[in-house]
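Visitor: Build the 3D model from these lines:
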Amino acid sequence: MKHDYDLIVVGSGAAGMMAAITAARNGNRVLILEKLARPGAKLKATGGGRCNLTNTLPNETFMAHFGKNGRFMAPALEALDHTKLTAFFEEIGVPTHAPDGFRIFPLTHNARTILSALEEEAARLQIVLLCNHRVTHVMTDATGVTGVATATERFMAPHVILATGGLGYPMLGAEGDGLEMARSLGHKVTELFPAMMPLQTAERWGAECRADTIPKATIRVNLPKPKYKKLTATGDLIFTKTGIRGPVVLDFSREITPLLAMYNEVPILINMTRGMHADQIYRHLKASHTRSPQNSLLEHLTTLLPASVAAQLSILCGADPEKSFSALPGAVRERLVQMLAWTPMTVTGHDGFKMAMITRGGVSLKEIDPHTMRSKKIDGLYFCGEIVDLDGPCGGYNLQWSFAGGHLAGQMLQKPKRGT
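Guide: Okay, here's the model as predicted:
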């Protein structure tokens, strides 16, 4: 059986839905094919179900958080930055706000609100959405794209957008099938790594600190090469039975997982004293002792850290937490202060893509036109969302990119030329 459309979008996530809606608003007949039973499975899980859509950063700063590849998204952000994205959602009935002045959410703080609004807009535009349809390959001829095929049907169109995502969250349908399609069409796919996930460490003392969250912790890589020492992240840190997690770890894991593939283990340093240096920490503890000389070392340390963490670091340094700060030998005091300034740990592993929210790597940006999201290799083929080699930290970065990239692909699609 054969069906004809102007555009076929493979994948019904944020990028795919936005691409389809934008193209349909331009007068195109659009089909979305989704392999799962319902659309937008990963979108519903975004931000713990709260759906942090985007953030309030200006475009230049926003792009910088994606690293060296960030400039690629300049045309997409020019077409749909955070102000235009929130205006779009307002238009389709989803008011948004930024309660912390940075992260932007739907007022409901419910991802289902976003997905429902996108589905309703797609229905209004008469976009055909077919679920339980797994695309096996993109069909081409000498002129370019001709459509896509499933196991039982062919769907014909001169334009196809692959918005299938990466490998993160396989329980939500991520299998890398779109990446395999891209490879089969001659596109290069960069090495893929799991990102935005907890990390495992060689040290186990953190298991005693699981009840406490460390705010504004800074993590940096402690490998010899200067370029690695520049890798840092700051945010809330949580210890686990086997390692570390929390927003700062989710952000930083995208830098760590490629290094683990090279070095097997990655030494890191963690500042848990809100950026205080060793001399500042020493002066703080000395002043605290002067004010309250009767207090124990642990009581002084809890002015900087939760008691569970303070106790563990004291033990690591050979300092009795029940003794007075002044009673510590000089060498022990020095060790403790240095440990408080930069606590060493060693990252040894992770749980792979099954715990990864996003994928680092994807279709090479060198083979995609940033002004259209169109393949430079095959006429009529487009990419958007997580399938391409762009990933950002937590805080609405990746969803904004998905919406913006999808919008650009749909916007730049040529309007159909139909006979009279």
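
Visitor: alpha carbons only for contacts and neighbour counts from here, please
Guide: Fine.

Visitor: show me what contacts the closest residue to residue 285 other than its chain neighbours?
Guide: Of all residues not flanking residue 285 in the chain, residue 300 sits nearest, at 6.4 Å (CA to CA, 6 or more residues apart in numbering). Residue 300 makes contacts with 285, 288, 289, 325, as judged by CA atoms under 8 Å, 6 or more residues apart in numbering.

Visitor: Let's have these in a markdown table, adding pLDDT, distance to residue 261 and secondary structure.
Guide: Conversion of the contacts of residue 300 to a markdown table gives the following (pLDDT from 0 to 100; distance: CA to CA, whole Å; DSSP: H, G, I helix; E, B strand; the rest coil):
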| residue | pLDDT | distance to residue 261 | secondary structure |
| --- | --- | --- | --- |
| 285 | 94 | 40 | helix |
| 288 | 93 | 44 | helix |
| 289 | 91 | 46 | helix |
| 325 | 89 | 42 | helix |
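
Visitor: which two in those are spaced the farthest apart?
Guide: Pairwise distances across the contacts of residue 300 (CA to CA) peak at 9.4 Å, for the pair 288 and 325.

Visitor: Look at those two and report which has more neighbours.
Guide: residue 325 (25 against 18; other CA atoms under 10 Å).

Visitor: pretty sure the more buried one is touching residue 299, no?
Guide: No: applying CA atoms under 8 Å, one finds residue 325 not in contact with residue 299, separated by 9.7 Å.

Visitor: show me where the stretch 151-300 of the chain has strands.
Guide: 154-156, 160-162, 193-195, 199-201, 213-221, 232-239, 243-245, 266-271 (DSSP state E, counting those that start in this stretch).

Visitor: so what does the strand or helix carrying residue 85 touch, helix or strand wise?
Guide: For residue 85, the element it lies in under DSSP states H and E is helix 82-91. Helix 82-91 sits against strand 96-97, helix 397-412, with contacts defined as 3 or more CA pairs under 8 Å, 6 or more residues apart in numbering; DSSP states H and E.

Visitor: Could I get the ones you listed in a markdown table, plus columns for distance to residue 66?
Guide: What follows is the helices and strands packed on helix 82-91, written out as a markdown table (distance: least, CA to CA, whole Å):
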| stretch | distance to residue 66 |
| --- | --- |
| strand 96-97 | 24 |
| helix 397-412 | 8 |
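
Visitor: relative to strand 266-271, how tilted is the helix or strand where residue 334 lies?
Guide: Assessed by DSSP H and E, residue 334 sits inside helix 330-341. Angle of helix 330-341 versus strand 266-271, following axes from the mean of the first three to the mean of the last three CA atoms, to 10 degrees, is 100 degrees.

Visitor: which element follows helix 330-341 toward the C-terminus?
Guide: Taking DSSP H and E, what comes next after helix 330-341 is strand 343-349.

Visitor: shaky segments in the chain?
Guide: 1-3, 172-173, 414-420 (pLDDT under 70).

Visitor: just to revisit the earlier point, tell me how far the helix holding residue 85 lies from the chain's centre.
Guide: In terms of CA atoms, centre = their mean, to the nearest Å, the centre of helix 82-91 is found 21 Å from the chain centre.
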